[in-house]
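>>> Structural data only, the sequence is not supplied:
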C-alpha cells in the first residue's frame, strides 16, 4: 500500500513498504527512476532508502498538492519494477589482521573459523539498498545469517576509510575516516569517496557489490597505484 505524506515545507515521503526486502526496494528504485525520467518541474532532489523515497522540491516553483498528484500517478503499477538491475561493482578486500580487528569475534560469535567467515562474506553479491550515514556508505542486504553479528557495545571514535564491517544483519563499507560501531572484518584499498568529483561514489543505490579477497601484498600494490593516480590527478 503506497502512502505519501508531507515532510516539512518542501518535501514528500513516498512509503512503499515497511520491511527490508529486495522486492520492496526494487519498487523504490523504479519509482526513483520514473521521477527523474519524468523530469517533474520543481523537484530538486530524491533520496531513495530501504522502503521509501524522499522527494524534495522548490516551494517557489511548485507545492505539495502538485507534487502529490504527480507522485500518486508515478507510483501506480510498481509491482515487480522493471526487472532492470543495477551494476555489479567488485570491491577488493584484505580481511583480518590490522585491517579487520573484529574478524575473530565474528568467527567466535558464529562458531566458525575466520577463514569460513571470509568465504561466506565474499561468496555472494550484495544489493545496495541505500546510501547514508556518510557520503557513499552503502547499506548492503542479503548477508548470510551465519555471520550476523551485533554491533559494538561502545562505538569506536575513528574507523579508517575503506573499512568493511558487519552490523547486525547487514554489511557495509566506511568510505572515509569516521566514528562507527560495526564489527570490522577487513579493508579495501579503493578510495570510495572523492569530493573533488562532486562526491560521486563508485556505486549507487540499486547497484550490487561483490567482495573479492586479496592479500596484504595485493592491498599495498592497489593502494600504491591509487595514490599515484591521485597525485597524477586521475
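Now that the structure is in, tell me what you want to look at. Small disclaimer: the values here were computed from a predicted structure and weren't measured. Numbering: from 1, shown residues only.

>>> What helix or strand is the residue lying farthest from the centre of the chain located in?
If you look at how far each residue of the chain sits from its centre, by Cα atoms, centre = their mean, the farthest one is residue 60, at 32.1 Å. Under the criterion DSSP states H and E, no helix or strand holds residue 60.

>>> List the contacts of it.
Residues counted as contacts of residue 60 (Cβ atoms under 8 Å, 6 or more residues apart in numbering): none. Any C-beta I mention is one placed from the backbone N, CA and C, and that applies to glycine too.

>>> For the protein, give me the ranges with low pLDDT.
79-85, 195-201, 229-234 (pLDDT under 70).

>>> so where do the strands sit in it?
3-7, 11-15, 43-48, 52-57, 88-95, 125-131, 138-141, 156-159, 163-167, 170-173, 178-180, 183-187, 208-213 (DSSP state E).

>>> quick one: the residue sitting nearest the centre point of the chain and residue 13, what's the gap?
By Cα atoms, centre = their mean, the chain has its centre lying nearest to residue 138, at 1.8 Å. Separation of residue 138 from residue 13 (Cβ to Cβ, to the nearest Å) stands at 22 Å.

>>> For burial, what's the neighbour tally of the residue nearest to residue 226 when sequence neighbours are not counted?
Leaving aside its sequence neighbours, residue 226 sits nearest to residue 191 (Cβ to Cβ, 6 or more residues apart in numbering; 5.6 Å). Neighbours of residue 191 under the rule other Cβ atoms under 10 Å: 17.

>>> My read is that residue 191 contacts residue 228, right?
No - using Cβ atoms under 8 Å, residue 191 is not in contact with residue 228; the gap is 11.9 Å.

>>> Who are the contact partners of the closest residue to residue 113 other than its chain neighbours?
Of all residues not flanking residue 113 in the chain, residue 107 sits nearest, at 5.9 Å (Cβ to Cβ, 6+ apart). The contact partners of residue 107, taken as Cβ under 8 Å, 6+ apart, are 113-114, 116-117.

>>> Reformat those into CSV and put neighbour count and distance to residue 49 next to each item.
Formatted as CSV, the contacts of residue 107 follow (neighbours: other Cβ atoms under 10 Å; distance: Cβ to Cβ, whole Å):
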residue, neighbour count, distance to residue 49
113, 12, 35
114, 17, 33
116, 14, 32
117, 28, 28
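
>>> Mark which of these are part of helices, please.
114, 116-117 (DSSP state H).

>>> For residue 148, which residues are in contact?
Residue 148 touches 110, 166, 168-169, counting by Cβ under 8 Å, 6+ apart.

>>> can we see that at 6 Å?
residue 169 (Cβ atoms under 6 Å, 6 or more residues apart in numbering).

>>> how close does it sit to residue 212?
For residue 148 relative to residue 212 (Cβ to Cβ), the value is 22 Å.

>>> do the same with residue 221
The gap separating residue 221 from residue 212 is 14 Å, by Cβ to Cβ.

>>> Ok, residue 153 next?
Counting by Cβ to Cβ - residue 153 and residue 212 are separated by 31 Å.

>>> So for these two, which sits in the more crowded spot?
residue 212 (11 against 6).

>>> For that one, give the beta-bridge partners.
Listed by DSSP bridges, the beta-bridge partners for residue 212 are residue 92.

>>> Surely it is in contact with residue 92?
Yes - with contact defined as Cβ atoms under 6 Å, residue 212 reaches residue 92; the gap is 4.9 Å.
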